[in-house]
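Undergrad: structure for this input, please:
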Amino acid sequence: MTPCRFPLVIPFALATALAACGRAEAPPQPAKPPAPVPAPPKMPAVGLYITNETSGDLTVIDAATLATVTTIPLGKRPRGIAPSPDGTRLYVALTGSPAAPPGVDEKTLPPPDRSADGIGVVDLVEGKLLRVLPSGTDPEQLAVSPDGKRVYVANEDAGRASFIDVESGQVVETFKIGNEPEGVSVEPATGRVWVTSEEDGAVFVIDPVRKTVRSVKVGPRPRSIAFLPDGSKAYVPSETGATLTVVDVKKLKSLKTIKLEDGMRPMGTLTAPDGKHVYVSTGRSKMLLAVNTSTDTVVGSVEAGQRPWGIALSKDGTTLYTANGPANDVSVIDVASMQVRRRLPAGRGPWGVAIVARPEAR
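TA: Here you go, the predicted structure:
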């Protein structure tokens, strides 16, 4: 073997060259194994699901332990939320329209991102977002048909209601209704779809079989609809009128107006399983109200939190939950005492809330 030869150099350079001459080539390093795929979260048998409008995700809480299970990314501004009848899916309204709080000049807002509009479909077994269904523009609230085949959506900026076929994942019908539609509910007895119009101060009733639309005048800026279990009456809150309008469902006419305290801003509504009470969240008024449906009077109240909007009730009717936007939390309220038992952390800007039992827990 020919010895290494070097010119006369300074000692440091010579030492370096000698070391290089005698160094064996380093063996190739083995490739790093791929990072393990994290196991899906163990989803609760009965879950509390909260849409977080600002952080764009879904907080999942175990209703039995009140512990947070996971957070699921969704998309832009998740708001309205509704489960499938079998408890395996959750539908969430997503919108690319910029937020426009009260008092904001909408002309100063950036243009909407229409690519972000849609209905997110969340798998409640695997704990992940499956897909996003087309929905028409700016969906805000939604409801699901009793057979789970259709999703009904209020398109706020278009003054329309869109009907989505779940199997095909396509919008199959649209109906022109009043301006700024928001609340969506399905009438228990007939399956008609009720949609509130904030600008018109009315509820529009869509018959999906006859393809007809009728309207009922209610208070200004109605935000939601709650039906009695027998479908005889509906309660519609007027946010800026501080009232609840009681509607005769069969005749589609107003029966009476329940006057609330001055300054109340009723928003979310739901009915107890036995139909004896309707519960009302009041947004910036901070209160949760209990209305006796026999006397149509307020019989209980509690300060729920900062701007409670979304509202849910446990299956046994003993516990209420409200999503409190500015506080980034959810209140747990005992119905019997009308007292807040706990506040649970959520994401940023909690908006909607639903409690869902998976099939095995029913």
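Undergrad: I'd say Ala327 and Ala304 touch.
TA: No. If you go by Cβ atoms under 8 Å, Ala327 and Ala304 don't touch, sitting 9.9 Å apart. For the C-beta atoms, the positions are set from N, CA and C on the backbone; glycine is no exception.
Undergrad: of these two, who's got more company?
TA: Taking other Cβ atoms under 10 Å, Ala327 and Ala304 do not tie; Ala304 has more neighbours (28 against 19).
Undergrad: what's the per-residue pLDDT of the more buried one here?
TA: With respect to pLDDT, Ala304 scores 97.
Undergrad: now it, what are its backbone angles?
TA: When read as degrees, to the nearest 10, the backbone of Ala304 gives phi -80, psi -40.
Undergrad: which residues does it contact?
TA: Applying Cβ atoms under 8 Å, 6 or more residues apart in numbering, we find Ala304 in contact with Ser281, Lys286, Met287, Leu288, Thr322, Asn324, Ser331, Ile333, Val340.
Undergrad: tell me the spacing between the second one and Ala336.
TA: To Ala336, Lys286 is 21 Å away according to Cβ to Cβ, to the nearest Å.
Undergrad: ok, those two, which is more surrounded?
TA: Just comparing Lys286 and Ala336: by other Cβ under 10 Å the higher neighbour count belongs to Lys286, 19 against 9.
Undergrad: give the closest residue to the more buried one in space, chain neighbours not counted.
TA: Spatial nearest neighbour of Lys286, excluding adjacent residues (Cβ to Cβ, 6 or more residues apart in numbering): Glu303 at 5.1 Å.
Undergrad: who's the one you found bridged to?
TA: With DSSP bridges applied, Glu303 shows beta-bridge pairing to Met287.
Undergrad: same check on Gly120?
TA: Gly120 has these beta-bridge partners by DSSP bridges: Val92, Val132.
Undergrad: quick one, helices of the protein?
TA: Chain-ordered helices for the chain, with DSSP state H as the definition, fall at 11-22.
Undergrad: quick one: low-confidence ranges for it?
TA: 1-28, 35, 37-38, 102-103 (pLDDT under 70).
Undergrad: Tyr91 versus Ser84, what's the distance?
TA: Taken as Cβ to Cβ, the span from Ser84 to Tyr91 is 7 Å.
Undergrad: alright, that wraps it up for me.
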